[in-house]
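Asker: Whatever this is, show me its structure:
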Amino acid sequence: MCKYLLLFLCFSFSLNAQILSEKNRAEVIDNILQDKFENLLPDLMDRSGIDMWVIISREYNEDPVLKTMLPSTWLNARRRTILVFYKSENSNVVERIAVARYNIGENITSAWDKEKEPDQWQALVDIISKKNPSKIGLNYSQNFAIADGLVKTDHEEFMTHLPDNLKSKVVSAEDLAIGWIETRTPMEMELYKELVETTHNIIVEAFSSKVITPGKTTSEEVVWWLRQKVTDLGLETWFHPTVDIQRKEEKLKDHIDAFSNGYGETVIQPGDLLHCDFGITYLRLNTDCQQHAYVLKAGETEAPGFLRSAFKKGNLLQDILTSNLETGRTGNEILKASLAEAKTAGLTPSIYTHPLGLYGHSAGPTIGMWDSQGGVAGTGDYVLYPNTVYAIELNTTVTIPEWNKELRIMLEEAGFWGESGFNYVNERQTELLLISSN
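Answerer: This is a model prediction of the structure:
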């Protein structure tokens, strides 16, 4: 086991007890980044068939991929930052070059001497001409925003300065950029387990009598408790959380109404079925989780059987979706097979699963959108690769005779697709959380 992994594990095991100091976070981030440059990037460049990857960005308008490559002490690019990654056919090492005034941390070395060559673009062209790559990958993509970070001005400048004999070698680096964003390393997965557990623990606390007093606490107060809890821990949220309420006396809201308008100052009452959508950001990774809780009525010790049965249907839909994951299968193929199987099982399903990792709504195969259950052109045509993480996000609508209405079981958990198949990153909810009314 390398010294970086040992250091990382020591840090990750302490996560539940104490969030790392900024200095220790920086060490972990930089060690993970070094590992990815040395052990992941060469394989991704081979897989994509691109032997030179050029990433161009300017301060405060960073390419989303470049943003993930900056060292811990760089919060933004500086001036115009140009990165060049080159892997010759007979080498397993990727040369990491910065056409910039500075080294980019310890992982990327500056190769531009402005005093000798004042023109940054010419310095870049000199490097490209010397290496004479077969393909020059640039970050432009029609379907994946994260892989489309090269802005118009920089693209025009690059193509203007590039010699005519090299222009035919320019290709989209879409597959390489997505691979970099979506692939998780063993070091990252050790962290992810702890991060998802922390997410679960915050939800458990939010959906408890410590935070909620039935008949008094509003859904909006729980939302802001979640935000404040994350801030107090020294973490961040990557989206504003929501807390929804389903109850016997009120009609089921449609998806847009529930998402756009929420439940505001609605007071939580005994007998309510609560739902939250919540995620946190830490050490450049993101979580995304949806869970349910039931507010016990006086004299109850568990949720009614019809609610527990409805919840199990949500778990069943999860099982159906994850059983259809297969390396090389597109997101649209997985969606189609899963929806057909779920309907055969008597469910009323909706699946909208997305990649998760360095971004919350990350790059990789889209497995449905809530308003595109027939498939998603472009991002849904991308195939599933191993060592990737997904927000297993979906819902099933269940008719409840006892309430004379329908309710929606909405679940979301981080799941890992690896060489040996599927596993939840840190378990999943299989029972309703319970909130006492006493």
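Asker: Can you list the low-confidence ranges for the protein?
Answerer: Along the chain, the model assigns pLDDT under 70 to residues 1-17, 253, 255-263.
Asker: can you give me the helices for it?
Answerer: Along the chain, counting by DSSP state H, helices occupy 3-12, 22-35, 41-48, 64-69, 120-131, 152-161, 164-167, 174-182, 186-206, 219-232, 255-261, 305-323, 331-344.
Asker: out of those helices, nearest to residue 397?
Answerer: Across those, residue 397 has its closest neighbour in helix 305-323 (9.4 Å, C-beta to C-beta). C-betas here are computed from N, CA, C, even on glycine.
Asker: hmm, back to that, just say which of the helices of the chain is most tucked in.
Answerer: Among those, ranked by average contacts under mean count of other C-beta atoms under 10 Å, first place goes to helix 174-182 (a mean of 24).
Asker: Packing partners of that one?
Answerer: Helices and strands touching helix 174-182, by 3 or more C-beta pairs under 8 Å, 6 or more residues apart in numbering; DSSP states H and E, are helix 41-48, helix 64-69.
Asker: Same list (the ones you listed) but as a markdown table, adding distance to residue 368.
Answerer: Putting the helices and strands packed on helix 174-182 into a markdown table (distance: least, C-beta to C-beta, whole Å) gives the following:
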| stretch | distance to residue 368 |
| --- | --- |
| helix 41-48 | 26 |
| helix 64-69 | 23 |
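Asker: Tell me which of those lies nearest to residue 302.
Answerer: helix 64-69 (44.5 Å).
Asker: In terms of secondary structure, what does the closest one contact?
Answerer: On a contact count with 3+ C-beta pairs under 8 Å, 6+ apart, helix 64-69 meets strand 52-58, strand 80-86, helix 174-182.
Asker: is residue 281 in a bridge, and if so with what?
Answerer: Using DSSP bridges, the bridge partners assigned to residue 281 are residue 236, residue 286.
Asker: List the residues that contact it.
Answerer: By C-beta atoms under 8 Å, 6 or more residues apart in numbering, the contact set of residue 281 is 235, 236, 237, 238, 360.
Asker: Please identify which of the residues you listed is nearest to residue 47.
Answerer: Lowest distance from residue 47 to these (C-beta to C-beta) belongs to residue 360, with 24.8 Å.
Asker: For the closest one, give its distance to residue 97.
Answerer: Going from residue 360 to residue 97 by C-beta to C-beta, to the nearest Å gives 31 Å.
Asker: And residue 186, by the same measure?
Answerer: Distance from residue 186 to residue 97, counting by C-beta to C-beta: 27 Å.
Asker: got it, and residue 192?
Answerer: As for residue 192, its distance to residue 97 is 31 Å (criterion: C-beta to C-beta).
Asker: nearest to residue 20, of the helices and strands packed on helix 174-182?
Answerer: The minimum distance between residue 20 and the helices and strands packed on helix 174-182 falls on helix 64-69, with 18.9 Å, by C-beta to C-beta.
Asker: Break the protein down into its domains, please.
Answerer: 21-180, 184-435 (automatic domain parsing).
Asker: so how many other residues sit close to residue 399?
Answerer: Residues near residue 399, counting by other C-beta atoms under 10 Å, number 11.
Asker: Not including adjacent chain positions, what is the nearest residue to it?
Answerer: residue 406 (5.3 Å; C-beta to C-beta, 6 or more residues apart in numbering).
Asker: Could you count how many residues lie near that neighbour?
Answerer: Using other C-beta under 10 Å as the criterion, the residues surrounding residue 406 number 14.
Asker: Please report the distance of it from residue 247.
Answerer: 13 Å.
Asker: go on, residue 75?
Answerer: 45 Å.
Asker: try residue 413
Answerer: Distance of residue 413 to residue 247, computed by C-beta to C-beta: 25 Å.
Asker: With neighbour numbers in mind, choose between those two.
Answerer: residue 413 (26 against 17).
Asker: Let's check: the centremost residue of the chain is which one?
Answerer: Nearest to the mean C-alpha position of the chain, by C-alpha atoms, centre = their mean, lies residue 356 at 2.2 Å.
Asker: Next up, the contacts around it.
Answerer: Residues counted as contacts of residue 356 (C-beta under 8 Å, 6+ apart) are 286, 287, 288, 362, 389, 390, 391, 414.
Asker: just residue 93 next, same as before
Answerer: So residue 93 contacts 38, 42, 87 (C-beta under 8 Å, 6+ apart).
Asker: and which of the residues you listed is nearest residue 349?
Answerer: residue 42 (40.3 Å).
Asker: quick one on the thing from earlier: quick one, which of the helices and strands packed on helix 174-182 is nearest to residue 168?
Answerer: Proximity to residue 168 (C-beta to C-beta) singles out helix 41-48 among the helices and strands packed on helix 174-182, at 17.8 Å.
Asker: And the residue nearest to the centre of the chain, how far from residue 364?
Answerer: Relative to residue 364, residue 356 is positioned 9 Å away (C-beta to C-beta).
Asker: Mutual contacts of those two, please.
Answerer: residue 390.
Asker: Just put the helices of the chain in a markdown table and tack on distance to residue 101.
Answerer: Output for the helices of the chain, formatted as a markdown table (distance: least, C-beta to C-beta, whole Å):
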| stretch | distance to residue 101 |
| --- | --- |
| helix 3-12 | 28 |
| helix 22-35 | 20 |
| helix 41-48 | 24 |
| helix 64-69 | 16 |
| helix 120-131 | 9 |
| helix 152-161 | 17 |
| helix 164-167 | 25 |
| helix 174-182 | 24 |
| helix 186-206 | 30 |
| helix 219-232 | 36 |
| helix 255-261 | 45 |
| helix 305-323 | 48 |
| helix 331-344 | 41 |
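Asker: burial count for the spatially closest residue to residue 244 that is not a sequence neighbour?
Answerer: Residue nearest to residue 244 in three dimensions, not counting chain neighbours: residue 275, with 4.3 Å by C-beta to C-beta, 6+ apart. Neighbour count for residue 275, taken as other C-beta under 10 Å: 24.
Asker: Return the distance of residue 275 relative to residue 252.
Answerer: 12 Å.
Asker: Check residue 153 too.
Answerer: Residue 153 is 49 Å from residue 252, by C-beta to C-beta.
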